[in-house]
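J.: Pasting the sequence and the predicted coordinates here, then a few questions.
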Amino acid sequence: MSDSTLDLLQEGERARREGRLADAHHIFTEAIAASRDSGTRSELIRALKGLGQIERDLDQADAARPLYEEAVALCRQEGEPLLLAQTVRHLGDIHHAAGKLKLAEPCYQEAIALYRAQSATLELANAIRPLAILKSHAGQMGEARGLWSEARTLYLALNVADGAAECTYRLLRMQDE
């Protein structure tokens, strides 16, 4: 990584944590340009995802989507399965929030398959969760129930109480329907 682009990425992340979204937007935009100039794919992925997250924070999903789509394409070239899984899952979240369930589902399925292959347990549970929500909204209750159950098992094994509690709540609500 080039030092100047790395500095921009760190500065953008700091600005986001501090709630300075306009500053973070500007900084990540600069980081994208700098990483394109340097030709460093990993920096560009990180900058695209950073700006995409800012756009999501600003409720600008239409602006975030192409940033994540480009990041996914670059992740595929990079050959880092966990990075691809995380990025494609976030793209799925964008599609899901926009009500584009037919676009969201394959993103979630791909992320889940990648996490399973890498034994990334917490990430797997966190990817199963939005797919379970999607299946519930689509009225596919049998699949949703199985996904909530699997996520609950994973969260319990990891001692993630909030995640397990949500899964239990959702499963109980499904029994009442």
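T.: Arrived safely, thanks for sending. Computed from a prediction, not measured in an experiment: that's the story for all the values here. Residues are numbered from 1 along each chain as shown.

J.: Mind jotting down where the helices sit in this protein?
T.: Using DSSP state H, the helices of the chain run over 3-17, 21-38, 41-57, 61-78, 81-97, 101-118, 121-137, 141-157, 161-176.

J.: Can you redo these as CSV, where the extra columns are mean pLDDT and mean neighbour count?
T.: Heads up, the C-betas are built off the backbone N, CA and C, glycines and all. What follows is these, written out as CSV (pLDDT from 0 to 100; neighbours: other CB atoms under 10 Å):
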stretch, mean pLDDT, mean neighbour count
helix 3-17, 93, 17
helix 21-38, 95, 19
helix 41-57, 96, 22
helix 61-78, 96, 18
helix 81-97, 96, 22
helix 101-118, 96, 18
helix 121-137, 95, 21
helix 141-157, 96, 18
helix 161-176, 93, 14
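
J.: and stretch 55-65, how far apart are its ends?
T.: Taking CA to CA, to the nearest Å, stretch 55-65 runs 9 Å from one end to the other.

J.: what about it, distance to the chain center?
T.: Distance, stretch centre to chain centre, for stretch 55-65: 13 Å (CA atoms, centre = their mean, to the nearest Å).

J.: same question, stretch 44-61
T.: Mean-position distance between stretch 44-61 and its chain equals 11 Å (CA atoms, centre = their mean).

J.: Distance check, the residue lying closest to residue 125 once chain neighbours are set aside against residue 33.
T.: Counting by CB to CB, 6 or more residues apart in numbering, residue 154 is the residue found nearest to residue 125 once chain neighbours are left out, at 3.8 Å. Going from residue 154 to residue 33 by CB to CB, to the nearest Å gives 40 Å.

J.: now do residue 20
T.: To residue 33, residue 20 is 20 Å away according to CB to CB.

J.: rewinding a little: hang on, the residue nearest to residue 125 packs against residue 127?
T.: No: using CB atoms under 8 Å as the test, residue 154 is too far from residue 127 to be in contact (10.2 Å).

J.: from the chain's centre, how far out does stretch 114-126 sit?
T.: On CA atoms, centre = their mean, the centre of stretch 114-126 falls 13 Å from the chain's centre.

J.: do the same with stretch 51-69
T.: 11 Å.
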